[in-house]
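**Student:** got a sequence here, can you model it:
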Amino acid sequence: MVFTPSEAFGPHTEVTISVPGGRRGVRAVNGAQLTASVTTQFRTRGYSQEALAELLAEQGYLPMTFTPTSTGLRKAQSPKPAPDPASLTPAGEAYAPPSGNFTFDQGYPSSLQSQWRPDSPNVLLTGAVMAFQSEHNMTINGNLTAKFWAALILAQERGERNQNGYTYAVADQHDPEYLTIYHNGHVVLRSLTNTGIPDSPTVNGTFPVYQKYRFQIMSGTNPGGSHYADPVSFVSYFNGGDAVHYFPRGGYGYQQSLGCVELPYTAAERAYPYLTYGSLVTVTG
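**Tutor:** Just a heads-up that it's a prediction; the model follows:
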């Protein structure tokens, strides 16, 4: 017998199949009956990390294109008759994606490309997942849940694409300090900025934007123990309490903040719409 499910099973799913036997059970085409009932179980494997990268690239959530060189799962279907190829795309290919090549878009610094790994978890994929979750009204946490995969596969079937474009920001802590924002391969902002003082530094690394506020009262504790509650605007959090935002200062370009990346008002206003959920911010220097 061949059992063909009406829709794809989810990843990491326990499947139990029971075939009844005996007088009221399954009979062969020649009338022979199955002597006894049979029950078997199997567990589906997880979706492929490479499939995640391919789907996100094809939908515009990564700064690269993907060009397939094979047809993935459909190429291996045998013997005949094979299931309808439509049932294997893209849900089936989430398990066995086609081979192919990723090509980075031009215009981004090497600090972005150096962190890319198509076959293992990395911050580019996490940011892309969060960007997808944001555009599809999902919880923005970067988790690869069954709900996320279902939405990603449905978006591929519908031909949906990222509406925000791709943004990457670099906060350089070498004097004078600058924040540079790249969008769709072009520099759209370069501004003097302030990062954290030695007692409250801005941590180096690459982080996705996870929370945004047009305005808020940012509060906390100064290194000396006193409390602060400051009004700030155009806030994009990327690492714990560190955010890109406007804060009034007498000058910019050196360490003054308590960990945030501070910008003048006009620069912060311009940066805010580009730093969408999942956009990566690299702090270096």
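
**Student:** how many residues are close by residue 19?
**Tutor:** 14 (other CB atoms under 10 Å). In short, each C-beta sits where N, CA and C put it, glycine included.

**Student:** contacts only, for residue 231.
**Tutor:** Taking CB atoms under 8 Å, 6 or more residues apart in numbering, we find residue 231 in contact with 215-218.

**Student:** and which of the residues you listed is nearest residue 26?
**Tutor:** Nearest to residue 26 out of the contacts of residue 231 is residue 216 (CB to CB; 64.9 Å).

**Student:** surely the closest one is within a strand?
**Tutor:** Yes. Counting by DSSP: H, G, I helix; E, B strand; the rest coil, residue 216 falls inside a strand.

**Student:** residues in contact with the spatially most central residue of the chain?
**Tutor:** The structure's the chain has its C-alpha centroid closest to residue 129; by CA atoms, centre = their mean the separation is 1.9 Å. By CB under 8 Å, 6+ apart, the contact list for residue 129 reads 52, 56, 61, 142-144, 148, 278.

**Student:** about what we covered before: adding distance to residue 209 and pLDDT, write the contacts of residue 231 out as TSV.
**Tutor:** Shown next, in TSV, are the contacts of residue 231 (distance: CB to CB, whole Å; pLDDT from 0 to 100):
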residue	distance to residue 209	pLDDT
215	17	98
216	15	97
217	20	97
218	16	95
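
**Student:** in helices, which of the contacts of residue 129 appear?
**Tutor:** Members of the contacts of residue 129 lying in helices (criterion: DSSP state H): 52, 56, 148.

**Student:** correct me, but the first one touches residue 125?
**Tutor:** So that's residue 52. Yes. Using CB atoms under 8 Å, residue 52 is in contact with residue 125, at 6.4 Å.

**Student:** what about residue 36, how many residues nearby?
**Tutor:** 10.

**Student:** follow-up on the earlier one: wait, is the residue nearest to the centre of the chain part of a strand?
**Tutor:** No. Residue 129: not assigned to a strand; according to three-state DSSP it is helix.

**Student:** where in the protein is pLDDT low?
**Tutor:** Residue ranges of the chain with pLDDT under 70: 8, 71-90.

**Student:** any chance you could map the strands in it?
**Tutor:** Per DSSP state E, the chain carries strands over the ranges 14-19, 38-43, 64-68, 100-104, 167-172, 178-183, 186-192, 205-208, 211-221, 227-239, 242-246, 261-263, 280-284.

**Student:** between the ones you listed, which gets nearest to residue 117?
**Tutor:** For residue 117, the closest of the strands of the chain is strand 100-104, at 10.3 Å, according to CB to CB.

**Student:** who are the packing partners of that closest one?
**Tutor:** The elements that strand 100-104 packs onto, with contact taken as 3 or more CB pairs under 8 Å, 6 or more residues apart in numbering; DSSP states H and E, are helix 49-58, strand 64-68.

**Student:** surely residue 230 is in contact with residue 247?
**Tutor:** Yes. Judged on CB under 8 Å, residue 230 makes contact with residue 247 at a distance of 7.1 Å.

**Student:** domains for this protein, by residue range?
**Tutor:** The chain resolves into domains spanning 1-46, 49-158, 167-284 when parsed by automatic domain parsing.
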